[in-house]
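[1] Starting from these lines, generate the structure:
(3 chains, ligands or ions: 2)
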Amino acid sequence: MTSRRSFVAGSLAATAAFSTSRFAFAQSLPAGYPADYAALIAKAKSEGRVAIYTSTDESQGQPLVEAFKQTYGIGVDYNGLGTTDVYNRVISEGAAGQMGADIAWTSSMDLQMVLAQKGLLETYVSPEAPNLPAASLYKNIVYGTSIEPVAMLYNKNLLKPEWVPKTRAELVKLLQEHGKELKGKIASFDPEKSGIGFLLAQTDLASTSSFWDLAKAFGAAEGKVYGASGAMREKVVSGEQWLAFNVIGSYALQWQRESPVVGVSFASDYTAAFQRVASVTKGAPHPAAGRLFLDFMLSERGQSLLASKGVPPLRMGYKGPLDADEMNKLTGGNMKIIPVDEKLANNMAPRFRADFFQQWKKAMRGEG
Amino acid sequence: MTDLRVSGVEKWLGGNHILRGASFEASRGSITALLGASGSGKTTLLRCIAGLEQPELGRIDIGGTCVLNGEEGLALPPEKRNIGLVFQSYALWPHRTVFDNVAYGLTLRGITGRDAELRVFGILQKLGLSHLAERYPDQLSGGQQQRVAICRALVYQPRVLLMDEPLSNLDAKLREDARYWIRQLILELGICAIMVTHDQSEALAMADHILLLENGVIVQSGTPMEIYSQPESFYAADFLGTNNVLLGKLAEGAAIGGDDWQLRGVRRGQVTGGLGESARAVVRTERIRIVDGPGDNHLEMQLDACLYLGSHWEYRLTRGGLAIKAHGDQPLPPGPVWCAIAPESVWIFG
Amino acid sequence: MSSTARLQPRAEMRGYRLAVIAALVLFVMTPVGLIIYQSFLDAPFFDKTSRFSLEAYDYVVTDPEFWSAFGTTAIFAFGMVAVAVPLGALLAFLLTRTDLAGRRWLEPIVLVPMFLSSIVLAFGYSVAVGPSGFVSLWLKETLGLRLWSIYSLGGMILIGGLSHVPNVYLYVSSAMRSLPSDLEEAARASGASIWRVSLDVTLPMVLPSLIFAAALNLLLGFETFGIPLVLGDPSGIVVLTTYIYKVNGIFGTPTYHVMAVVAVSLILVTLPLVYVQRLLLRNARRYAAVGGKGARAAPLRLGASGQLIAWGLIGLWLTVSVLMPIGGISVRAFVNAWGEGVRLSDHLTVSHFAQLMETPSLFRGILNTLALAVIGGAFAVAIYLMIGLAGHRNKGPSGALLDYMVLLPRALPGIIIGLAFFWVFLFVPFLTPLRPTLVSLFVAYLIVGLSYGLRIIQATLLQVAPELEEAARTSGASMARSWRDVVVPIIRPGLVGAWSLIMIVFLREYATGIYLMGVGTEVMGTLMVSLLTSGAMDQIAALAFLSIIFTAAGLGLALRLGARIHD
Ligand SMILES: Nc1ncnc2c1ncn2[C@@H]1O[C@H](COP(=O)(O)OP(=O)(O)O)[C@@H](O)[C@H]1O
Ligand SMILES: [Mg+2]
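    Ligands and ions are numbered 1, 2, ... in the order given. As a prediction, this is how the structure comes out:
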């Protein structure tokens, strides 16, 4: 609890400090920003607001949002939705010519890619683009904003220490060998309900050979599936479940600090990491403000504000909490970062999904 | 002057033929009573006049204006008929004071302020209610409520005042008084009033004219005396007064008889039956006298019991299957007696 | 009967009635029609490439998951009825026909579960009697007892059933109240025990109300969303509503056509139930019109042991269906960790509420919910009154049409009505500016609450004796005037009571906003559902706790205002 308080206090202090320097920022643009950027700022200010559809918790996005408001005096409508809802809303509002969002910011990289392909996202060359790794950029449409390795979350009181898996292989083995004792005590993402769950499952499937073994063992152990990391945290803390895998690592670390019963483990042989991606929407009601917000998110300052709430930045050259070194250390260097890539859209082919889910459900019933 | 003319009104309700062609007229300064057994259609007829029910056929004129005409498809809503209606339950509005209840009809006619006040207090005064003007209906006795309901229906001087069993919710003593003062009031104000009742004594005492209903048909109409003393049907004869009904067979010379008895009488109503066919005779109890011995149209009967009814005695008489009630002013010992019935009092129907 | 043309019944206030009914048809049929239309397309209806097709039907009927969800839903609904109806009937018997001690103040309390949203209930149960719930842990430690899992179909049925007992109680108790007691007394006098009397005499006489309650609860069972979402979903127990909720994710694109087909399948199940209800309701009204006159029921004597048993049963039920979930939520709202090996006292905090205040969308959600409930509730009552008046003493065919329009939304779960209105506000040009406002939610709530609200209003209107209106007419008032001057003033207290009840209904609503809610139109119930997808359990607990507080306040207000509580 104390840690959360200090976070809030810290970010408030940061904003206060920053507001004094905002004039300086407005007048002298950071290196690499085009000369006419001031015009964009002026236009954004005249638009007055920016609307964001995002799957990021409001509490995590808040420092970023507050700082943005302070800096530009532009209001922010922060619309926290699930990943599928971000997607569905952009699709239907786009079809109706009623786009409500300026920024779509989601963990569901594959859904965002479909939006890009459907022409619902705007091409915008961000002045911050050169600061991003190549794998975090798609055609100046989809921008990565953070790197999110997944972790295993467990209840220290309930899961025997010798059972805590250190690698993916150990996890598979644990489920296979101790499925009976762990009956109903394992949790993971629900690929049906959660876009991110599906993305992780696809990555595991593509990058490891043991995916179906894991799924089958999970099903046989009557594993429970949830739509969000937070829901898994609740279950692990309360002891309803002992171990949850494919939990978003940055959250897991935060929860470990908050609760003495929570343990976190990253698999050193293979850790998938996705990126939260953001784009300006086509037909955005406040296009300039949207662009401004995207740049702000990717800026040095925006990235550290995200880091202050436990969202690991991906901007090259960023140093500080949750920087690349720290993340690599945590994950034993075997982080498999999912690139922002057109191929992600293949995940959305109906036939492909239907087949996958058929097999998934079979595995969940413990059948082969 | 004819204020109300009803002709050929027919009404179906829920598939039943409730009114089968009612026609009558009524005029100012008189009370017309709709009298009939329960379920005979009195209320329905009254509601048709008020416009609360809509007959399928017929014509109604109120004050010279046609308010209903089945041929032309004309039917004015109740508010356009210029009538006043007193409900059996009084139907005073519980959220309005006595004054506001009474004044409502005036407000609707654009009469407000001082004018309305004068008229409302005028009528309340006449009925002795002016001190209750600020009360709400639930703070009034039944009799007071009834008078307020009458005030409410009269205050805007409607052409026709309709009353549905106005006395039925009063206790016996109040009812007798009300018969008198309501009649006085109507005569004094010179209104055309129509009153529904199932109580013959009420109709006889209050009305100038009685319409007797049976199954949605007006079977007889006339002054109270005509209706009482010259019934034109068995229903009319039996409905009024306290009667003896004798079942027998028609006999020679306008007579009715059973196994061991026979009485001469007069044939009334439609003559349908021939000699030897079943018939019914109605004899009002007050028309039977106990006499000393045999005579013309005398019948020997057995006195079984003698009941004390306060103002008189009631005798229970039998002869074989025949049972008769008669009145007298003294007690008699059980045993054989003679009854005398004048032939003009034995009304034979059949 | 000559050949003369017969007068047709006078059509009074025809214009008004037709206008109201037309508006109602528009508002009810638009979402229903849109859903049916969508079900026959092969893509979202706004997609230009969409064509008429039975593809979605084909997908659904050949999808084993659908049939398994369908089967689960049916088991859940029937199971719920099997739990709720006997208990509700027993409760009604005890409270209306016997001399049970304290039944006067027990009456409002037994209705409480009805006013809690099922999502709040489900959260409460998982904290109280989940595998690590504080009640479960306590039972395990003190008695060595292991509760069976609430995350199973059986657990869901039990919880659903217990929470629907009041819905049964309401109907059966009102039927029992109007029952003359001499029949029971006669049976008692001839030596039957009180339980025999209840089975042999009382039960058969209230059978219609039992059937009605069963039909109603079956319907509610088919439409339940909160309990399966929270308790069933993690274990893969899917019912039709959660199938709809998840089907988008399965395809990865908006599969509105598939959702629509499932919604249509739900309508096909629920519509006959609605029809049965309407039939029963009409008969019930007829019955009420005939009897109901001062049938003073002399209570049956329970005796000391009977009192004890009855109180034990009721106490157990109240503990399980009121105390446990509310206790669960209350505990969870003030701790940041719970469960096995966690000492709650070490984790006490009010920070969840601080978060509600600090997070703009959550804070807005609270304000919006209150605004919708209090102000929207008042508007809703006004609108229901207008509809009620249009049907008031309207015996013509338009009255029957109105009845069906009112009952139809009941055949649809709130989530579907919300989705349809989301489309309406998205694609009907002049309505689009209203979508980001509370008006859009209000309209959807209005339709969701329609049948409940109108039942309250109609019951209130029926209390006005027809002569009171007729007296106004014969005094010279038009029908509209008689409504204004007589009907509305007389039912004013009833309207205030209706307002307080509608307020509670709007307070606890959560499913309708799932698709409709957006920035600025957050509401507490739906926020809980969407927070569930992001897993913010702390905020959910705080919201649920506040929602219980608000509901309790609303219920207190309703009782103070003397509201008569209907289904
Ligand atoms: N709404 C109705 N539907 C069907 N039948 C009705 C209705 N109202 C009255 N009736 C029938 O019409 C007949 C006449 O009723 P009514 O005029 O009230 O009789 P009265 O006032 O003479 O007692 C009765 O047989 C009654 O049952
Ligand atoms: Mg009558």
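[2] I'd like the distance between A:Gln62 and chain B.
    Using C-beta to the nearest C-beta, to the nearest Å, A:Gln62 is found at 55 Å from chain B. Heads up, the C-betas are built off the backbone N, CA and C, glycines and all.
[3] Can you get me a residue count around that residue?
    Neighbourhood size, A:Gln62 [other C-beta atoms under 10 Å in any protein chain shown]: 21.
[4] Please apply the same query to the one 5 residues further on.
    Summarising burial for A:Ala67: neighbours were counted as other C-beta under 10 Å, giving 21.
[5] go on, the one 5 residues further on?
    Under the neighbour criterion other C-beta under 10 Å, A:Tyr72 is assigned a count of 21.
[6] now do C:Pro360
    If we define neighbours as other C-beta under 10 Å, then C:Pro360 has 17 of them.
[7] Leaving out sequence neighbours, find the closest residue to it.
    With C-beta to C-beta, 6 or more residues apart in numbering or on different chains as the criterion, C:Pro360 has its nearest non-adjacent residue at 6.9 Å, and that residue is A:Tyr78.
[8] For the one you found, give me its contacts.
    Listed by C-beta atoms under 8 Å, 6 or more residues apart in numbering or on different chains, the contact set of A:Tyr78 reads A:52, A:54, A:58, A:61-62, A:65, C:360-361, C:519.
[9] wait, which of those is closest to B:Asp329?
    C:Ser361 (97.0 Å; C-beta to C-beta).
[10] Could you report the neighbour count for the closest one?
    19.
[11] and whichever strand or helix holds the residue nearest to C:Pro360, what's its mean pLDDT?
    Using DSSP states H and E, A:Tyr78 falls within strand A:75-80. The average pLDDT within strand A:75-80 is 86.
[12] Check which residues of it are buried.
    For strand A:75-80, the neighbour count (16 or more other C-beta atoms under 10 Å in any protein chain shown) marks A:76-80 as buried.
[13] Give me the residue ranges of the chain where confidence is low.
    You didn't pick a chain, so chain A it is. Residue ranges of chain A with pLDDT under 70: A:1-28, A:368.
[14] Actually, chain B is the one I wanted.
    In chain B, residues with pLDDT under 70: B:1.
[15] which residues are contacting stretch C:437-447?
    Contacts of stretch C:437-447 (C-beta under 8 Å, 6+ apart): C:27-28, C:31, C:368, C:371-372, C:376, C:379-380, C:383, C:409, C:414, C:417-418, C:421-422, C:425, C:431, C:434, C:506, C:509, C:512-513, C:516-517, C:520-521, C:523.
[16] please redo it, this time with the cut-off set to 6 Å
    The contact list for stretch C:437-447 (C-beta atoms under 6 Å, 6 or more residues apart in numbering or on different chains) reads C:376, C:380, C:409, C:417-418, C:421, C:425, C:434, C:506, C:512-513, C:516, C:521.
[17] centre of the chain versus the helix or strand hosting C:Ala77, how much separation?
    If you go by DSSP H and E, C:Ala77 is part of helix C:64-97. Mean-position distance between helix C:64-97 and its chain equals 15 Å (C-alpha atoms, centre = their mean, to the nearest Å).
[18] pull the CA atoms of the helix or strand just after that helix into PDB?
    On the C-terminal side of helix C:64-97, the nearest following helix or strand under DSSP H and E is helix C:103-110. The C-alpha trace of helix C:103-110 is given here as PDB (Å, rounded to 0.1, in the frame of the first residue of the first chain):
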ATOM      1  CA  ARG C 103     -43.500 -11.300  10.300                       C
ATOM      2  CA  ARG C 104     -44.400  -7.700  10.000                       C
ATOM      3  CA  TRP C 105     -40.800  -6.400  10.000                       C
ATOM      4  CA  LEU C 106     -39.500  -9.500   8.300                       C
ATOM      5  CA  GLU C 107     -41.500  -8.700   5.200                       C
ATOM      6  CA  PRO C 108     -39.300  -5.900   3.800                       C
ATOM      7  CA  ILE C 109     -36.200  -7.800   4.800                       C
ATOM      8  CA  VAL C 110     -37.000 -10.900   2.800                       C
END
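[19] for the helix or strand following helix C:103-110, what is the average pLDDT?
    Downstream of helix C:103-110, the next assigned helix or strand under DSSP H and E is helix C:118-129. Helix C:118-129 comes out with an average pLDDT of 87.
[20] Briefly note if helix C:118-129 comes near chain A.
    No. Helix C:118-129 lies out of reach of chain A by C-beta under 6 Å from any C-beta of the partner chain, never closer than 7.8 Å.
[21] what helices or strands is the next helix or strand after that helix leaning on?
    Sequence order places helix C:134-143 as the next helix or strand after helix C:118-129, per DSSP H and E. If you count contacts as 3 or more C-beta pairs under 6 Å, 6 or more residues apart in numbering or on different chains; DSSP states H and E, helix C:134-143 packs onto helix C:118-129.
[22] Tell me, how many residues neighbour the nearest residue to A:Ile74 once chain neighbours are set aside?
    In space, and not counting its chain neighbours, A:Ile74 is closest to A:Ala289: 5.4 Å by C-beta to C-beta, 6+ apart. As a burial measure, A:Ala289 scores 29 neighbours (other C-beta under 10 Å).
[23] what's the helix or strand for A:Ala289?
    helix A:287-298.
[24] Stretch A:334-351: end-to-end distance?
    32 Å (C-alpha to C-alpha, to the nearest Å).
[25] How many neighbouring residues does whichever residue of the stretch 201-350 of chain A sits closest to chain B have?
    As assessed by C-beta to the nearest C-beta, chain B sits closest to A:Pro285 within the stretch 201-350 of chain A, at 52.1 Å. For A:Pro285, the neighbour count with other C-beta under 10 Å is 17.
[26] repeat for B:Leu185
    Neighbour tally, B:Leu185, other C-beta under 10 Å: 18.
[27] That one in helix, strand or coil?
    helix (DSSP: H, G, I helix; E, B strand; the rest coil).
[28] Any figure for the gap between it and chain A?
    72 Å.
[29] Let me know the closest of the buried residues of strand A:75-80 to ligand 1.
    Using C-beta to the nearest ligand atom, A:Asn79 comes nearest to ligand 1 of the buried residues of strand A:75-80, at 57.7 Å.
[30] bridging residues for the closest one?
    A:Tyr53 (DSSP bridges).
[31] looking at it, it is touching A:Tyr53, isn't it?
    Yes. Between A:Asn79 and A:Tyr53 there is a contact at 5.0 Å, judged by C-beta atoms under 6 Å.
[32] Can you add neighbour count, secondary structure and distance to chain B and give the contacts of stretch C:437-447 back as TSV?
    As requested, those are exported to TSV (neighbours: other C-beta atoms under 10 Å in any protein chain shown; DSSP: H, G, I helix; E, B strand; the rest coil; distance: C-beta to the nearest C-beta, whole Å):
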residue	neighbour count	secondary structure	distance to chain B
C:Gly376	24	helix	28
C:Ala380	24	helix	24
C:Pro409	24	helix	32
C:Ile417	27	helix	37
C:Gly418	26	helix	40
C:Phe421	27	helix	38
C:Phe425	24	helix	41
C:Leu434	16	helix	38
C:Phe506	29	helix	29
C:Thr512	27	coil	36
C:Gly513	30	helix	39
C:Leu516	27	helix	40
C:Thr521	21	coil	39
